[in-house]
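1. next one to model:
(chains A and B)
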Amino acid sequence: MDLIQQAFAWLIAPTSWIGDSGIARRLSEHLVFTVVVVGVAATIALPVGVVIGHTRRGTTLVSAATGAARAMPTLGLLTLLGLGLGIGLVAPAIALIVLASPSLLAGAYAGVQSVDRQTVDAARAMGMSEPAIIRTVELPLAAPLILGGLRSATLQVVATATLAAYTSNTGLGRYIFAGLKGREYAELIGGSALIVALALLLDGIFALVQRVTLRDPHRLPVTTERHHP
Amino acid sequence: MRWLSQNWETLLQLTASHLALVLPSVVLSFLIAVPIGWAAQRRRWARDPALTLVGILYAIPSLPLFVLIPVMFGLGLRSAANAIIVLTVYGTAIMVRSAADAFASVPEDARLSAAAIGHSSWQRLWMVELPLAIPVMVAGLRVLVVSTISMVTVASVIGIQNLGTLFTDGFQRGIVAEVVAGLVVTVLLALVLDGGCILMARLLTPWTVSQRRVRGASAWT
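-> Predicted coordinates:
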């Protein structure tokens, strides 16, 4: 248990937190990288998912994308892009955008598709245009599932951003790789604990946000996430 | 292709080590998750805590866990046991939800009929609930198998040998063909085992096949 004490000492030592490879710097790198990657992935995947859910065309694309993303080993994609694009942030960013997109796509698609057809037809009968139906009817009703997709994509990216440190000098994952290489066990274990804490914190924030949005008094209860074979 | 022709022995060896980590993890996850999933479905009070707990487990990133598990259990960082424990944690997290859904998919009528003809709750579980839960259960098993095959490659960065070793080795030595071979074989392995799951489900649930045939026939008449 000596190792745990050392790791704890490393975590609370002020010197661990400052400097170019200090915790403060690594933590912000990790967070900024995550936000940018999820942001770009959402900009691409959410509109596509909403259109697929609205038109119900291309549903095979969604299941193919989620299946492929599950089977595709993240590390393989990362190292392949790293070899092609060199050491730096571009390769892991592209790899993570590719991996985060299917969850977002599936969330948006499932959300919009789960909206009661009668509600949509009622909106259409009132003379609403298709874009207006998407904006004012489908999107608000789909929000819980879209948020669910955003939650899994974010968790996936936070976790995989750790692995990105294998091919680039960024984020909290550096503590794991530097620690493994230099046998700095305090850093290795302390860094690992930090990443776990960050992921659980983000998951908790999403859980809270989901609970609050579901409690919105203007919203009718919506059934979330149902798995059917 | 040249890389492949010169290194097929390494490839076979790594595939074998890959399976030696994946198969025990899948079996363990399944054996742990199914009773929990059943309990979560049958005991109302257990459902939310159980599903929240597996949700939290699933939210933990894998790489740090590969470091923390050996510290907690006093195992070697590069031991197979470490990889199997980590993979079983995620596998269980995936499978508990599917198992709960699978038992929920058993029609209430079937359960009541089984009770009415005098089955004990144990007989009902083995002879009625489990068989009827198979289709949804297998859907979960397929996700479990495919995710585990992909996730174990992460263990290669801490030095546990498996197909992921082709990624780390290829990256360090700058051999693109090696990384590509790793990607292709990992995905192929996932496809093959996934196909195996589908086949197993067909054999275990012959009635779904005949139902399909009946439905197909009625479509033509």
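
2. tell me the contacts of residue 102?
-> All of this refers to chain A. When contacts are counted by C-beta atoms under 8 Å, 6 or more residues apart in numbering or on different chains, residue A:102 is found next to A:45, A:62, A:65-66, A:68-69. (Glycine included, C-beta is placed from N, CA and C.)

3. you answered for a different chain; I wanted chain B.
-> B:37, B:133-137, B:140.

4. picking up where we left off before, tell me the most packed of the contacts of residue A:102, by neighbour count.
-> residue A:45 (24 neighbours; other C-beta atoms under 10 Å in any protein chain shown).

5. run a quick check on that one versus residue A:105, I expect a contact.
-> Yes: counting by C-beta atoms under 8 Å, residue A:45 touches residue A:105, with 4.4 Å between them.

6. can you count the residues close to residue A:199?
-> 21.

7. ok so, going back, just the ones in strands from the contacts of residue A:102, please.
-> Among the contacts of residue A:102, no member is found in strands (DSSP state E).

8. which member of the residues you listed is positioned nearest residue B:88?
-> residue A:69 (22.3 Å; C-beta to C-beta).

9. what strand or helix carries the closest residue to that closest one other than its chain neighbours?
-> Leaving aside its sequence neighbours, residue A:69 sits nearest to residue A:102 (C-beta to C-beta, 6 or more residues apart in numbering or on different chains; 4.0 Å). Assigned by DSSP states H and E, residue A:102 belongs to helix A:90-113.

10. and the next element down the chain from that helix?
-> Following helix A:90-113 in sequence, per DSSP H and E, is helix A:117-125.

11. kindly format the C-alpha coordinates of that following helix as CSV.
-> What follows is helix A:117-125, C-alpha atoms only, in CSV (Å, rounded to 0.1, in the frame of the first residue of the first chain):
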residue,chain,number,x,y,z
ARG,A,117,-45.7,10.0,-35.5
GLN,A,118,-49.1,11.5,-34.6
THR,A,119,-47.4,14.5,-33.0
VAL,A,120,-45.4,15.1,-36.2
ASP,A,121,-48.5,14.6,-38.4
ALA,A,122,-50.4,17.1,-36.2
ALA,A,123,-47.6,19.6,-36.7
ARG,A,124,-47.7,19.0,-40.4
ALA,A,125,-51.5,19.4,-40.6
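
12. hmm, who's touching it?
-> Applying C-beta under 8 Å, 6+ apart, the contact partners of helix A:117-125 are A:132-133, A:136-138, A:141.

13. how does it look with 10 Å?
-> For helix A:117-125, contacts defined as C-beta atoms under 10 Å, 6 or more residues apart in numbering or on different chains pick out A:54, A:112, A:115-116, A:128-130, A:132-134, A:136-138, A:141, A:220.

14. and it with helix A:90-113, angle?
-> For helix A:117-125 against helix A:90-113, the angle by axes from the mean of the first three to the mean of the last three C-alpha atoms, to 10 degrees is 90 degrees.

15. next secondary structure after helix A:117-125?
-> Following helix A:117-125 in sequence, per DSSP H and E, is helix A:130-133.

16. packing partners for that next one?
-> helix A:23-55, helix A:117-125 (3 or more C-beta pairs under 10 Å, 6 or more residues apart in numbering or on different chains; DSSP states H and E).

17. follow-up on the earlier one: can you lay out the contacts of residue A:102 as CSV showing pLDDT?
-> Supplementary listing: the contacts of residue A:102 in CSV, determined by pLDDT from 0 to 100:
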residue, pLDDT
A:45, 93
A:62, 85
A:65, 84
A:66, 83
A:68, 83
A:69, 82
